[in-house]
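# generate coordinates for the sequence data below:
(one chain, ligands or ions: 1)
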Amino acid sequence: MDKTQPPAVEATRRPNAAAPRAAGQPLCLPPGVSFDKFKDFIKRAGEICEDANVTVISKSEELSKEHYLDPAKEHDMYHIVGKEYFVSSAVIAPRDVPEVQAMVRLCNEFEIPMWPFSIGRNVGYGGAAPRVPGSIGLDLGRHLNKVLKVDVDGAYALVEPGVTYFDLHNYLVENNLHDKLWIDVPDLGGGSVLGNTTERGVGYTPYGDHFMMHCGMEVILPDGTLVRTGMGALPNPNADPSKPPHEQEPNESWQLFNYGFGPYNDGIFTQSSLGIVVKMGIWLMANPGGYQSYLVTFPRDEDLHQAVEIIRPLRLANILQNVPSVRHILMDAAVMGDRAKYTSKTGPLNDEELDAIAAKLNLGRWNFYGAIYGPEPVRAVLWEAVKQAFSAVPGAKFYKPEEMPDNLVLQTRHLTLQGVPTTTELAWVDWLPNGAHLFFSPIAKVTGDDAAAQYKLTRARCEEAGFDFIGTFVVGMREMHHIVCIVFDRKDADSCRRAHWVITTLIDDAAQRGWGEYRTHLALMDQIAQTYNFNDNAQMKLNVAIKNALDPKGILAPGKNGIWPQAYDAKSWAVPQSRLRP
Ligand code: ADP
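Okay, the predicted model is just below:
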């Protein structure tokens with residue numbers, strides 16, 4: 001026998017067969033676990049975390065939360081495959097790091113899968129819900145919610161999972177630090193700084209790539225071991241060795257140098273099922289000493305091509321200093337009103353109707369939101385360069401927020417691009433009644449050809465499915481995150497089916513063109529993972545090998561991002577498909 005190979009594990013974990021439920025039994029038990037065994041587990045979990053922090057999900061009525069401002073912790077609020085499909089058997093909120101470790105060990109003992117989340121506002125990608133129905137939802141945000149440190153000289157913060165963008169911003173304001181340090185925020189400020197970073201989310205200041213700007217993690221591995229990455233692995237000589245590891249004073253460079261020594265580990269803990277991140281460093285931006293946001297409107301649909309060609313060299317040269325975005329007219333229109341405000345027609349809006357909406361709102365068919373950072377003389381030079389470059393687009397118009405006080409989107413972007421959190425952009429989800437959304441998020445080259453081709457394809461497919469195209473191109477250093485917002489009516493089964501159809505179709509369409517998504521909803525993880533299949537799925541084989549080595553029982557987030565542990569029969573976990581053409 002080859003002793004270097006671990007013993008083969010039989011893939012026995014499959015979805016539970018439908019069976020009548022006993023009183024108090026969760027809506028969905030963990031796979032292969034009897035109700036009696038589950039009750040033992042819950043008793044032990046209560047002994048670790050206290051009963052008040054353990055909630056068994058046994059009634060359909062408990063799946064009632066529907067809003068970002070008060071998000072569900074046990075299921076996907078924006079469900080496309082039924083409200084009760086992606087659902088946890090129980091939600092457990094540990095009170096400190098040792099309790100997280102104890103819960104990981106307990107799940108290993110009972111062979112019960114767990115799905116960690118921070119706040120659960122990952123809406124559009126599945127929220128707090130687990131990939132494997134019946135998993136334990138591990139709610140890290142409820143108690144682990146402290147800003148542990150803000151260091152002004154080093155310009156960084158050390159945070160726990162429950163710290164939201166609002167929390168971190170408020171912390172800086174309340175401690176009179178906001179004149180020195182700014183944060184970077186995504187469109188909505190209610191999510192977790194740590195959760196968003198582990199998912200590789202983005203914001204819009206010069207620090208918009210959150211993973212790039214994180215520095216140092218404390219992670220609980222699937223066997224309960226606590227690891228500090230990067231410089232955190234080097235002990236601080238002044239640390240008190242009598243304290244437990246999670247309380248020991250870290251190395252002073254932990255949040256200053258990302259890589260430490262040896263292989264760089266942090267990447268494997270993003271979009272990952274290899275660890276639970278319980279502390280994370282994030283770099284803060286030094287207040288640049290001046291700021292000016294602006295809007296450039298482009299009148300014609302076809303201007304997208306030229307605008308993107310102008311953006312590329314400006315962004316590469318850092319004349320565009322931040323992560324700007326090029327937004328389709330309906331993205332802005334939807335923030336300012338629901339569909340009924342603009343039209344009574346049921347089918348997708350045509351070009352004339354979109355032109356009319358743009359004219360009514362005094363916007364372009366595409367709208368570019370940027371900002372300039374620095375003292376006045378620096379801003380003056382950069383503004384001239386930006387203005388001159390975009391003036392090449394016939395009919396382009398330039399606005400500063402003070403010139404459009406009633407433009408809600410520009411007023412909001414003015415805040416977002418300086419890292420002030422808001423929730424205003426929630427409004428576009430209400431474009432349709434009972435509005436919910438899914439994000440289709442392919443990466444695009446910063447070229448006019450790529451942008452125009454992705455827009456053409458995604459708009460055509462959205463319209464084929466009966467939806468309006470709503471989308472934005474978010475410009476990174478060398479690529480764009482093209483975010484297509486598929487807004488559907490979550491209480492209309494046909495609308496859910498069409499949303500599911502259009503996203504599965506687009507994933508295949510995109511892969512055929514060499515375009516891949518940067519992040520996705522639970523229901524699409526397998527499909528997208530299978531498109532990243534270069535050289536006979538070599539990368540997936542690597543991911544599975546690491547998964548099985550670190551998590552032999554497959555207890556941590558099985559199926560996340562398409563990675564199935566050896567104990568799981570991956571095919572049997574396929575999400576019910578609704579690929580019928582609309
Ligand atoms: P947010 O509320 O910040 O948008 P969530 O808390 O919903 O984000 O988390 C999104 C996803 O990120 C989760 O479903 C999980 O897969 C992953 N995640 C979040 N927090 C952690 C964490 N602390 N450790 C490991 N993975 C996490």
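# show me which positions of stretch 125-134 end up buried.
125-134 (16 or more other CB atoms under 10 Å). The way it works is simple: take the backbone N, C-alpha and C, and place the C-beta from them, glycine included.
# how about the strands in the stretch 301-450 of the chain?
According to DSSP state E, counting those that start in this stretch, the stretch 301-450 of the chain carries its strands in the segments 325-328, 366-373, 397-399, 435-440, 443-445.
# can you name every helix or strand that the second one contacts?
By that I understand strand 366-373. The helices and strands touching strand 366-373, judged by 3 or more CB pairs under 8 Å, 6 or more residues apart in numbering; DSSP states H and E, are strand 291-298, helix 303-316, strand 325-328, helix 329-335, helix 376-390, helix 408-416.
# could I get those as a markdown table with mean neighbour count and distance to residue 477?
Output for the helices and strands packed on strand 366-373, formatted as a markdown table (neighbours: other CB atoms under 10 Å; distance: least, CB to CB, whole Å):
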| stretch | mean neighbour count | distance to residue 477 |
| --- | --- | --- |
| strand 291-298 | 22 | 20 |
| helix 303-316 | 19 | 7 |
| strand 325-328 | 25 | 14 |
| helix 329-335 | 25 | 23 |
| helix 376-390 | 15 | 17 |
| helix 408-416 | 22 | 19 |
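# number of nearby residues for residue 32?
Using other CB atoms under 10 Å, residue 32 has 15 neighbouring residues.
# check whether it sits in a helix, strand or coil.
Secondary structure, DSSP: H, G, I helix; E, B strand; the rest coil: residue 32 is coil.
# quick one: it from the ligand, how far?
With distances defined as CB to the nearest ligand atom, to the nearest Å, the gap from residue 32 to the ligand amounts to 22 Å.
# cool, and residue 180?
Taking CB to the nearest ligand atom, one finds residue 180 at 25 Å from the ligand.
# surely that residue touches residue 289?
No - counting by CB atoms under 8 Å, residue 289 is not a contact partner of residue 180; they are 10.6 Å apart.
# buried stuff in stretch 444-455?
In stretch 444-455, residues buried by neighbour count (16+ other CB under 10 Å) are 444-446, 448, 450-455.
# nearest to the ligand among those?
When these are compared for distance to the ligand (CB to the nearest ligand atom), residue 444 comes out closest, at 23.1 Å.
# so where's the protein uncertain?
For the chain, the stretches flagged by pLDDT under 70 are 1-8, 578-582.
# for it, which residues are neighbours of the ligand?
Contact residues, the chain versus the ligand (CB under 6 Å from any ligand atom): 116-122, 127-128, 140, 161, 191-192, 194-196, 198-199, 276-277, 557, 560.
# coming back round to it: can you tell me which of the buried residues of stretch 444-455 are in helices?
Judged by DSSP state H, the buried residues of stretch 444-455 include 448, 450-455 as members of helices.
# for the ligand, what's its nearest residue on the stretch 401-550 of the chain.
When CB to the nearest ligand atom is the measure, the stretch 401-550 of the chain has its nearest residue to the ligand at residue 522, with 8.2 Å between them.
# quick check: closest non-adjacent residue to that residue.
Take residue 522 and drop its neighbours on the chain: the residue closest to it by CB to CB, 6 or more residues apart in numbering is residue 126, 3.8 Å away.
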